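Participant: Predicted model and sequence below, questions to follow.
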Amino acid sequence: MAARRLSSLLSRSLSVSGSASLLLSRGTTSCHGRSISRFSTASVAEELITPPVQITYTQNLINGQFVDAASGKNFPTYDPRTGEVIAHVAEGDAEDINRAVAAARKAFDEGPWPKMTAYERSRILLRFADLVEKNTEELAALESWNNGKPYEQAAQAELPMLARLFRYYAGWADKIHGLTVPADGDYHVQTLHEPIGVAGQIIPWNFPLLMFAWKVGPALACGNTVVLKTAEQTPLTALYAAKLFHEAGLPPGVLNIVSGFGPTAGAALASHMDVDKLAFTGSTDTGKIVLELAARSNLKPVTLELGGKSPFIVCEDADIDRAVELAHFALFFNQGQCCCAGSRTYVHERIYDEFIEKSKARATRRVVGDPFKKGVEQGPQIDAEQFDKVLRYIRSGIQSNATLECGGDRLGSKGYFIQPTVFSNVQDDMLIAKDEIFGPVQSILKFKDIDDVIRRANTTRYGLAAGVFTRSLDTANTLTRALRAGTIWVNCFDVFDAAIPFGGYKMSGIGREKGIYSLHNYLQVKAVVTPLKKAAWL
Ligand SMILES: NC(=O)c1ccc[n+]([C@@H]2O[C@H](COP(=O)([O-])OP(=O)(O)OC[C@H]3O[C@@H](n4cnc5c(N)ncnc54)[C@H](O)[C@@H]3O)[C@@H](O)[C@H]2O)c1
């Protein structure tokens with residue numbers, strides 16, 4: 001009874017009190033007679049190929065309670081494999097944001113949260129991480145179902161990382177401290193690091209749970225309270241995770257989740273006068289909007305994690321087979337829907353032809369299909385809008401005379417699957433080399449020498465990440481210092497440990513998340529100056 005069990009687990013987890021706050025109901029039945037929690041990862045993947053449940057409705061989580069939207073409205077959320085509705089979700093707007101911010105304010109000003117010791121806060125984060133591990137299969141299934149990413153990838157990589165992130169921040173909670181500052185004069189000067197207050201957080205749909213962790217982890221570790229707005233495409237797993245947080249002992253009002261749309265709920269959060277800090281992840285265009293909203297309201301500090309068009313540079317001394325594999329991973333991982341995707345593959349002219357042939361062969365072998373099937377590498381794109389956008393970029397690549405090596409079309413007639421697509425002979429001024437496509441489209445460009453590739457790799461408005469593939473330490477050192485990007489991966493890509501800071505140069509963002517840097521986003525620094533001896537004027 002994999003599917004039925006999944007349904008009841010979600011129901012328990014997402015609803016709180018009584019039938020009024022109901023979340024799920026079962027549709028058809030196709031039971032297999034076992035509990036999901038006893039399955040191996042692989043068998044869950046196989047058994048959930050067509051999850052025979054229907055989630056009918058989910059609410060927002062405000063002040064520890066699942067509640068309807070103030071307007072009574074809701075909106076559908078979809079299964080990208082089919083385009084069919086999974087569930088309806090309470091549609092939060094400005095009024096729901098007001099309620100959530102009021103709850104977070106009260107929890108920060110009066111609730112038990114600010115009075116807890118850092119050690120107690122850290123224990124709640126650790127208990128949450130344990131619950132993530134216990135609920136890995138359910139969370140991964142829901143993430144995969146709502147987002148389209150391969151279930152195995154969610155269960156085996158993202159969920160362990162989710163637990164790891166919260167354990168990492170739990171470790172910081174009781175190690176946040178100020179400094180004693182040497183200052184001129186007879187003064188004792190110390191800095192206190194205090195929580196900033198109510199944190200507003202807006203996340204995208206490409207890694208719903210990991211984006212939740214990057215934002216909520218440091219905010220809570222530092223003692224803040226949170227209002228998080230999920231992406232309208234993927235509202236389900238953050239609600240589930242927040243419910244687990246309450247099971248872990250988080251007091252009501254400390255973490256509030258509002259589902260809703262950007263121009264309504266998102267804008268209300270960004271411009272709210274009682275939000276003390278805004279952390280946003282999404283596109284560069286929306287980043288500019290929220291920065292302006294924050295500035296025009298109460299000048300709240302803003303962290304922005306935005307888009308990218310990252311170069312992946314394959315030098316002439318590279319092992320070509322390994323370079324092809326890594327470049328493939330750098331671009332196609334998560335259906336190409338990564339902010340840091342290595343979407344401009346620069347290859348040295350001496351190995352260019354062989355690299356193209358092998359890249360084409362690798363992309364042609366890529367396993368695309370139902371994300372719940374074992375061995376699937378690529379699921380569908382998130383929704384119709386992204387699907388159409390990616391296909392438009394593919395057409396633009398063809399029209400601008402890049403060479404289409406493979407792919408180039410949708411896959412199947414249902415859902416949002418796109419063939420892994422490789423273009424060669426791409427020029428820097430083509431749209432497919434300049435814009436963030438956010439899909440499974442690899443653009444391969446030829447370069448002459450290191451100076452040539454440095455200049456061209458840096459010719460972009462973005463600066464999120466870069467990949468370098470070489471056997472030469474000298475070349476690696478030259479490139480890592482010359483490339484203008486927040487992360488440089490040398491002979492690796494997408495390495496995302498909790499301790500590694502992440503963020504962008506240029507229009508890829510402001511500030512850093514993860515690692516020690518993420519704590520600075522959620523702390524105020526207070527300088528306390530005390531005379532060492534009685535001042536003459538006293
Ligand atoms: N740098 C990073 O760490 C990182 C990580 C993941 C995704 N991204 C970027 O995110 C983008 C893809 O995500 P997306 O399509 O969800 O981006 P998006 O900008 O459309 O939406 C992101 C979030 O902003 C909200 N939003 C939209 N309009 C708003 C408004 N007017 N006011 C307030 N909030 C608003 C959305 O509802 C969503 O929650 C890509 O550009 C990708 O590169 C960056």
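Facilitator: That came in fine, so what should we check first?
Participant: Run through the residues that contact whichever residue of the stretch 51-200 of the chain sits closest to the ligand.
Facilitator: At 9.7 Å from the ligand, Gly200 is the closest residue in the stretch 51-200 of the chain, using CB to the nearest ligand atom. Every residue, glycine included, has its C-beta placed from N, CA and C. With contact taken as CB atoms under 8 Å, 6 or more residues apart in numbering, Gly200 is in contact with Val101, Val226, Val227, Lys229, Leu269, Ala270, His272, Val275, Lys277, Leu278, Ala279, Lys300.
Participant: do Gln201 as well
Facilitator: Lys215, Val216, Ala219, Val226, Val227, Leu228, Lys229, Leu278, Ala279, Phe280.
Participant: among those residues, which are within reach of the ligand?
Facilitator: For the ligand, the contacts drawn from the contacts of Gln201 by CB under 6 Å from any ligand atom are Lys229.
Participant: Return the member of the contacts of Gln201 nearest to Ile86.
Facilitator: Closest approach between these and Ile86, by CB to CB: Lys229, at 19.2 Å.
Participant: what residues does the stretch 351-500 of the chain put near the ligand?
Facilitator: Going by CB under 6 Å from any ligand atom, the residues of the stretch 351-500 of the chain near the ligand are Glu436, Phe438, Leu464.
Participant: could you say what helices and strands the helix or strand where Val347 lies packs with?
Facilitator: Following DSSP states H and E, one finds Val347 within strand 344-348. On a contact count with 3 or more CB pairs under 8 Å, 6 or more residues apart in numbering; DSSP states H and E, strand 344-348 meets strand 311-314, helix 320-332, helix 352-365, strand 441-447, helix 450-457.
Participant: can I assume Asn298 is in contact with Met273?
Facilitator: Yes. Taking CB atoms under 8 Å as the definition, Asn298 is a contact partner of Met273 at 5.0 Å.
Participant: Which one's more surrounded, those two?
Facilitator: Asn298 (13 against 9; other CB atoms under 10 Å).
Participant: Is it correct that that one falls within a strand?
Facilitator: No. Under DSSP: H, G, I helix; E, B strand; the rest coil, Asn298 falls outside any strand and is assigned coil.
Participant: quick one on the thing from earlier: tell me which of the helices and strands packed on strand 344-348 is the most buried.
Facilitator: strand 311-314 (a mean of 28; mean count of other CB atoms under 10 Å).
Participant: Tabulate the CA atom coordinates of that one in PDB.
Facilitator: Extracted C-alpha coordinates of strand 311-314, given in PDB (Å, rounded to 0.1, in the frame of the first residue of the first chain):
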ATOM      1  CA  PRO A 311      31.100  28.900 -18.200                       C
ATOM      2  CA  PHE A 312      32.500  25.400 -18.000                       C
ATOM      3  CA  ILE A 313      36.000  25.500 -19.500                       C
ATOM      4  CA  VAL A 314      37.700  22.400 -20.900                       C
END
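Participant: now that strand, how far from the centre of its chain.
Facilitator: 23 Å (CA atoms, centre = their mean, to the nearest Å).
Participant: which secondary structure elements does that strand contact?
Facilitator: Against strand 311-314 (3+ CB pairs under 8 Å, 6+ apart) you get helix 320-332, strand 344-348, helix 450-457, strand 465-469.
Participant: So what touches the helix or strand encompassing Gly171?
Facilitator: Using DSSP H and E, Gly171 sits in helix 159-173. Defining contact as CB under 8 Å, 6+ apart, one finds that helix 159-173 is touched by 118-119, 121-123, 125-126, 128-130, 132-133, 136, 139-140, 209-210, 212-214, 217-218, 220-223, 241, 496-499, 514, 516, 519.
Participant: Among those residues, which lie within helices?
Facilitator: Residues of the contacts of helix 159-173 located in helices (DSSP state H): 118-119, 121-123, 125-126, 128-130, 132-133, 136, 139-140, 209-210, 212-214, 217-218, 220-221, 241, 516, 519.
Participant: which of the residues you listed count as buried?
Facilitator: Buried members of the ones in helices among the contacts of helix 159-173, scored by 16 or more other CB atoms under 10 Å, are 118, 121-123, 125-126, 128-129, 132, 136, 139-140, 209-210, 212-214, 217-218, 220-221, 241, 519.
Participant: ok, the helix or strand hosting the residue of the stretch 51-200 of the chain closest to the ligand: who's next to it in the sheet?
Facilitator: Assessed by DSSP H and E, Gly200 sits inside strand 198-202. Strand 198-202 sits in its sheet next to strand 225-229 (parallel), strand 277-281 (parallel), going by DSSP bridges.
Participant: which outside residues touch the first one?
Facilitator: The set of residues that contact strand 225-229 without belonging to it, under CB under 8 Å, 6+ apart, is 92, 97, 100-101, 104-105, 107-108, 111, 113, 197-203, 212, 215-216, 219-220, 238, 242, 253-260, 265-266, 269, 275.
Participant: so it versus helix 208-221, what angle?
Facilitator: Interaxial angle of strand 225-229 relative to helix 208-221 (axes from the mean of the first three to the mean of the last three CA atoms, to 10 degrees): 160 degrees.
Participant: okay, strand 225-229 in CSV with CA atoms only?
Facilitator: Listed next in CSV are the C-alpha coordinates belonging to strand 225-229 (Å, rounded to 0.1, in the frame of the first residue of the first chain):
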residue,chain,number,x,y,z
THR,A,225,11.6,34.1,13.3
VAL,A,226,10.6,33.5,9.7
VAL,A,227,7.9,34.0,7.1
LEU,A,228,8.7,32.0,4.0
LYS,A,229,6.9,32.2,0.7
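Participant: How about the residue nearest to the spatial centre of the chain: what's its closest non-neighbour residue?
Facilitator: Nearest residue to the geometric centre of the chain (CA atoms, centre = their mean): Met211, 3.2 Å. Leaving out its chain neighbours, the residue that sits closest to Met211 by CB to CB, 6 or more residues apart in numbering is Ile203, at 4.0 Å.
Participant: cool, Lys215 as well?
Facilitator: Nearest one to Lys215, counting by CB to CB, 6+ apart, is Gln201 at 4.3 Å.
Participant: and the one you found, what are its bridge partners?
Facilitator: Applying DSSP bridges, one finds that Gln201 bridges with Leu228, Ala279.
Participant: Excluding chain neighbours, what is closest to Lys526?
Facilitator: Take Lys526 and drop its neighbours on the chain: the residue closest to it by CB to CB, 6+ apart is Leu192, 4.4 Å away.
Participant: what sits against the one you found?
Facilitator: With CB under 8 Å, 6+ apart as the criterion, the residues that contact Leu192 are Gly178, Val525, Lys526, Val528.
Participant: Tell me if it really is in a strand.
Facilitator: Yes. According to three-state DSSP, Leu192 belongs to a strand.
Participant: and the gap between Phe296 and Val302?
Facilitator: That one is not Phe; residue 296 is Arg. Separation of Arg296 from Val302 (CB to CB, to the nearest Å): 12 Å.
Participant: who's more crowded, those two?
Facilitator: Neighbours were counted for Arg296 and for Val302 using other CB under 10 Å; Val302 has more, 21 against 10.
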